[in-house]
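Trainee: Next one to model:
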Amino acid sequence: MESIKEYLDKLEINNSGLGKQLKEVYINRVVYFKEDKIVYFYLTSKDIVSHELLDKFKEELMYKLDYFKDMRMKIRFTGLERKSNKDVIKKYWNNILYILKYLCPSIAGWYKQVEFLCLEEELKIKLPKGIFYERLMKKNVTYVLKTVLSEELGLDLNITIEKAVDEKVNKERLIRINDREMEEKIRALEIGKVNNCEENEEESYVIKSDVDENLIYGDNANAMIENIVELNASSGTVAVVGDIFDVDTKELKNGKILMIASITDYTSSISCKLFLTDTNKDGVLENVKKGAYLKIKGDIVYDTYQREISMMISGIRKETRIEREDKSEEKRVELHAHTQMSSMDAICSVKKLVERAAKWGHSAIAITDHGVVQGFPDAMNAGKSNNIKILYGVEGYLVEDDSLIIEDANDKELSQTFVVFDIETTGFSNTNDKITEIGAVKIENFKIVDRFSELINPEKDISYKIQELTGITNELIKDKPTIEEVLPKFMEFVGDSVLVAHNAEFDTGFISQKCREQGLLYNNKKVDTLMLARVMLPNLKRHRLNVVAKELGIPLLNHHRAVDDAEATALIFNKFLQMPYRKRCKNSK
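Mentor: Got it, this is the predicted structure:
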């Protein structure tokens, strides 16, 4: 590991003050997300350093390394003396204030009046103004602080944010609390009186219980029930009702258990998270299980690790599922039903589908999966068990099994002009990847009359695997012309000739796309020697270029270099053109 100071010196960033302040902060690892152009620095430090300094470090790097869209700093403080959580929070307090100012800039003038109380498992933060409370809660401040304290300090604290209350309101609140405590004491006396009464006593006290027997965890106060598909990071506190389809638990270092339950209401799904303790884990895990129908309340937050929204649970309650019924006097028969045997279609098992039809009083049901009949055995057994008739069917596909060898064939002689070509690329996507080489030969009257060969700078790095395959390295093409210079020359070389390629769909797909990007005209007809080889050489198991070349006795010296592949393809095509008439392909259209 190298320190930030050493890293700044290596990049020749002249900021000795910053380097000196962060000299004990070490870079553990760096992760770069190429598509997003975001880099993550994972840092470690024995002592607490301020987030403000880390942001200055980020600014220096962003200025120097301007090709990154963003940088994220993830720091872990190790080696702290942990006499108590309060001592750690006291040292870290300025960073908490910095986070509060980031989430709510207007608190900057009042941050000295922000107070905290740290207990063994709880951090209470008292804000000087109610308006700050509203703004910070909208930004999910409790989740942000809980996550940061866990990641940076290894503390698992419950975060409570308190807003300022004026004296008059506070007095009224205390009076209400005292009244409630008095009521609870009276109720306790009444319960004791009932428990101590004689068995033969005629008079007894009936105590009404307000306990919700369906409540599994926490607070189940009313919250707006939302469709999961409509939730977003700013939804706040909501409730969802649906089926639990997955439950996972992870034991943390502090002994607590993180439960992640996945729930669906069949508009969408969401992960719900809850930190469990020894006192509540058994009761929660016993009831929150796969197949349970629950109402879950909590705060919607954006999970930076999973890169999606999730819910931090504050309440869980059992709900009664409303069963659908078929109340029609004349029952229908479903003649088109798919099961989970249909790939990427239905999710219902054959057994459940048949059971539901029987429950609704249907006399029969047709199983018509997409292109498969694997559901038939289960359907037969389910039909016997539920006394229902199974109609066996399948939703088939009609596929054109004749391959198109020549696209838009013309009436010209076989001696017309053909351009046989091959390309090398950085990948398989004609929209996201680039061409690195074009090689072509022109054929007239069955003879090669001209050649075209150009290496191309793709203006992006070529992967190691592609370099190994083609032999085209980043060093080889760094000074070569770009596709904007080469493609017009190639299209001029082609003219209105018929294009020929081995696996033409790939090669012409790239040429067509790049012409479209540059506004160049492309409407050439094409011939695919791969399809042609399958017809002309049916004895071969494989019809790759090197296999076909070997079969026809054609040399192929540098396979996967465009100019050599194009030369070999041209010789193969010439041989096919001169083969006896009886071998001509039947499906040239």
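Trainee: Work out the gap between stretch 219-237 and the centre of the chain.
Mentor: Distance of stretch 219-237 from its chain centroid, counting by Cα atoms, centre = their mean, to the nearest Å, is 22 Å.
Trainee: what about that stretch, how long is it end to end?
Mentor: 12 Å (Cα to Cα, to the nearest Å).
Trainee: Which residues does that stretch contact?
Mentor: Contact partners of stretch 219-237, identified using Cβ atoms under 8 Å, 6 or more residues apart in numbering, comprise 138, 140, 212, 238-242, 263-265, 267-270, 295, 297-302, 309, 314-317. C-betas here are computed from N, CA, C, even on glycine.
Trainee: and what of stretch 460-477?
Mentor: Residues contacting stretch 460-477 (Cβ under 8 Å, 6+ apart): 424-427, 434, 436-437, 455-458, 558, 560-561.
Trainee: in that stretch, what's buried?
Mentor: Neighbour counts over stretch 460-477 (16 or more other Cβ atoms under 10 Å) mark 462, 466-467, 470, 472, 476-477 as buried.
Trainee: Dump those residues into JSON lines; add secondary structure and distance to Asp55 as well.
Mentor: Below are these laid out as JSON lines (DSSP: H, G, I helix; E, B strand; the rest coil; distance: Cβ to Cβ, whole Å):
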{"residue": "Ile462", "secondary structure": "coil", "distance to Asp55": "36"}
{"residue": "Ile466", "secondary structure": "helix", "distance to Asp55": "39"}
{"residue": "Gln467", "secondary structure": "helix", "distance to Asp55": "39"}
{"residue": "Thr470", "secondary structure": "helix", "distance to Asp55": "44"}
{"residue": "Ile472", "secondary structure": "coil", "distance to Asp55": "42"}
{"residue": "Leu476", "secondary structure": "helix", "distance to Asp55": "42"}
{"residue": "Ile477", "secondary structure": "helix", "distance to Asp55": "39"}
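Trainee: Tell me which residues touch the nearest residue to His370 once chain neighbours are set aside, please.
Mentor: Nearest residue to His370, sequence neighbours excluded (Cβ to Cβ, 6 or more residues apart in numbering): Ser342, at 4.1 Å. By Cβ under 8 Å, 6+ apart, Ser342 lies in contact with 369-372, 395.
Trainee: Kindly recompute the last result at 7 Å.
Mentor: Neighbouring residues of Ser342 by Cβ atoms under 7 Å, 6 or more residues apart in numbering: 369-370, 372.
Trainee: did I read that right, it in a helix?
Mentor: No - per DSSP: H, G, I helix; E, B strand; the rest coil, Ser342 lies outside any helix segment and is coil.
Trainee: Relative to Ala357, how far out is it?
Mentor: Here Ser342 is placed at a distance of 17 Å from Ala357 (Cβ to Cβ, to the nearest Å).
Trainee: cool, and Thr426?
Mentor: 53 Å.
Trainee: what ranges do the strands span in the stretch 51-200 of the chain?
Mentor: Applying DSSP state E, counting those that start in this stretch to the stretch 51-200 of the chain gives strands spanning 70-77, 115-118, 122-126, 158-162.
Trainee: These: which one's closest to Gly553?
Mentor: The closest of the strands of the stretch 51-200 of the chain to Gly553 is strand 70-77. By Cβ to Cβ, the value is 57.5 Å.
Trainee: residues of the strand with the most length in the chain that come out buried?
Mentor: Using DSSP state E, we find that the single longest strand of the chain is strand 237-251. For strand 237-251, burial by neighbour count (16+ other Cβ under 10 Å) applies to 237-244, 247.
Trainee: Kindly indicate which of those lies nearest Asp378.
Mentor: Ranked by distance to Asp378 (Cβ to Cβ), those are led by Asp243 at 21.9 Å.
Trainee: The closest one: what's it in contact with?
Mentor: Contacts for Asp243 (Cβ under 7 Å, 6+ apart) come out as 263-264, 291, 293.
Trainee: Got the domain ranges for this protein?
Mentor: 4-77, 85-163, 215-318, 332-398, 407-578 (the TED database).
Trainee: so how far is the fourth one from its chain's centroid?
Mentor: The chain centroid and the centroid of domain 332-398 are separated by 33 Å, computed with Cα atoms, centre = their mean.
Trainee: try stretch 40-47
Mentor: Put simply, stretch 40-47 sits 27 Å off its chain's centre (Cα atoms, centre = their mean).
Trainee: and what of stretch 153-165?
Mentor: 31 Å.
Trainee: With stretch 495-511 instead?
Mentor: When C-alpha coordinates are averaged (Cα atoms, centre = their mean), stretch 495-511 and its chain have centres 36 Å apart.
Trainee: quick one on the thing from earlier: among the contacts of stretch 219-237, name the buried ones.
Mentor: Among the contacts of stretch 219-237, the ones that count as buried (16+ other Cβ under 10 Å) are 140, 238-242, 263, 265, 269-270, 295, 297-301, 309, 314-317.
Trainee: What about those residues, which are in strands?
Mentor: If you go by DSSP E, these have 238-242, 263, 269-270, 295, 297-301, 309, 314-317 in strands.
Trainee: Give the closest residue to Glu251 in space, chain neighbours not counted.
Mentor: Leaving aside its sequence neighbours, Glu251 sits nearest to Ile257 (Cβ to Cβ, 6+ apart; 5.6 Å).
Trainee: where does the stretch 301-450 of the chain dip in pLDDT?
Mentor: Within the stretch 301-450 of the chain, the segments meeting pLDDT under 70 span 400-412, 414.
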